[in-house]
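[1] I need the structure of the sequence given here:
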Amino acid sequence: MGPRTTTQHGTPPPRRRHGRKPDLGVPLVLGTLALLGCLLLAFLPGSGNGSGHPAGDSAAVAPVTVPPLTGSPAMTADPTNVPTKPPSTGPSTPSPTATPTPSTGPGPRRTSAAPPAAAESVAAAGSVASTGSLAGRIKPEVGYRGVATAYDAADGNGACLYGPAPDLMVAAMNHTDYESARACGAYVRIRAAGGASLTVRIVNECPLPCAPGQLDLSRQAFAELADPEVGRIPITWELLSPATAGPMSLRYKTGSSPHWCAVQVIGHRNPVAALEFRTAGGWRRLPRSAYNYFLSPGGSGCGGSIRITDIYGQRLVVDGIAVKPDVVQPARVQFARH
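    Residues are numbered from 1 along each chain as shown. Reported below is the predicted structural model:
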């Protein structure tokens, strides 16, 4: 057998590679490049998305709430200019849906219930009249106390100069509440202490010493409440907007012309608060006389368009009423019921 070579296998081969200083040049360059790449990716826009933080979760600029314009949702200043909800102050509730108010034309938005006519609303004209805000001393939904007396109404004509009445359920308003003809044409519901009641129309004035609250009834009307022999009874009464009423009419006074005129309203459901003529300078409000005519001393607007306003603020415009003295001309309109 030849010599054993155990010594060669038992002794490790020379380890020159481990005996030298490691060559770190290439790995160091590669590591540096990897680090730079990571840093570059970290600073790229949008690099935070998908990294566990919500997009836009930055403390750079806090949102500023901008006061909303009327009728618009609140907006939040945002670099992306995307509308956001205003801060929540409690459980979320749906915003009410605005419902258009039906055009009621004049005043209290009920003109649509009246017969066809040109009409407009106090609200549309720039002011909103509350219920009965144009009334004088006699206001709707208010009860009054007084006494009822009786007089001989003859054919039912009186200080309001309406002419003969179709029936004699009429009354004269005391001087104070008559208020220079503002009460003319008003419907009043009267109740006696015993429970009897009736509705009368104001066509006359009861002069002093008739006291505030007093109504002087036609003898026929008084008999509906008590024995006419009694002569005087305590009552309560209130303004009424009756369910049945035909169209209104207009009448120019005797002597009216394009140079001077006076006009009155007849058969109105609600008391009249104002009457205006259309002139070259716009609507002109006419003064009301104690004998229930609206006067245009210089003739301005006579024969033109007429605008009538009731105590509830409803306005009706009537055209085609010529200056025909002492002629009742139909207006084909009526105030809505209240």
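[2] Quick one: the helices in this structure, in order.
    In the chain, the helices defined using DSSP state H lie at 6-10, 16-19, 25-43, 175-178, 219-222.
[3] what sits against Ala181?
    Ala159, Cys160, Glu205, Arg288, Ser289, Ala290, Tyr291, Asn292 (C-beta atoms under 8 Å, 6 or more residues apart in numbering). Placement of C-beta: from N, CA and C, glycine included.
[4] Please check those residues and keep the buried ones.
    With burial judged by 16 or more other C-beta atoms under 10 Å, the buried subset of these is Ala159, Cys160, Glu205, Arg288, Asn292.
[5] List just the nearest of those to Thr176.
    For the buried ones among the contacts of Ala181, the minimum distance to Thr176 (C-beta to C-beta) is 10.2 Å, reached by Glu205.
[6] could you list every residue that touches that closest one?
    Contacts of Glu205 (C-beta under 8 Å, 6+ apart): Gly158, Ala159, Cys160, Ala172, Met173, Asn174, His175, Tyr178, Ala181, Ala290.
[7] can I get those residues in JSON lines with pLDDT and distance to Pro325?
    Shown next, in JSON lines, are the contacts of Glu205 (pLDDT from 0 to 100; distance: C-beta to C-beta, whole Å):
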{"residue": "Gly158", "pLDDT": "97", "distance to Pro325": "21"}
{"residue": "Ala159", "pLDDT": "98", "distance to Pro325": "20"}
{"residue": "Cys160", "pLDDT": "98", "distance to Pro325": "18"}
{"residue": "Ala172", "pLDDT": "98", "distance to Pro325": "26"}
{"residue": "Met173", "pLDDT": "98", "distance to Pro325": "27"}
{"residue": "Asn174", "pLDDT": "98", "distance to Pro325": "31"}
{"residue": "His175", "pLDDT": "97", "distance to Pro325": "29"}
{"residue": "Tyr178", "pLDDT": "98", "distance to Pro325": "26"}
{"residue": "Ala181", "pLDDT": "97", "distance to Pro325": "20"}
{"residue": "Ala290", "pLDDT": "95", "distance to Pro325": "20"}
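[8] Which one of those is nearest to Arg284?
    Among these, Ala181 lies closest to Arg284 (C-beta to C-beta), at 19.2 Å.
[9] Distance of that closest one relative to Ile202?
    10 Å (C-beta to C-beta, to the nearest Å).
[10] Arg288 reaches Leu275, doesn't it?
    Yes - in terms of C-beta atoms under 8 Å, Arg288 counts as a neighbour of Leu275; the distance is 7.4 Å.
[11] overlap in contacts of those two?
    Phe294.
[12] Pro234 contacts Arg145, doesn't it?
    Yes - shown here, Pro234 and Arg145 form a contact pair, counting by C-beta under 8 Å, at 7.4 Å.
[13] Quick check, Cys302 in contact with Cys261.
    Yes - between Cys302 and Cys261 there is a contact under C-beta under 8 Å: 3.8 Å.
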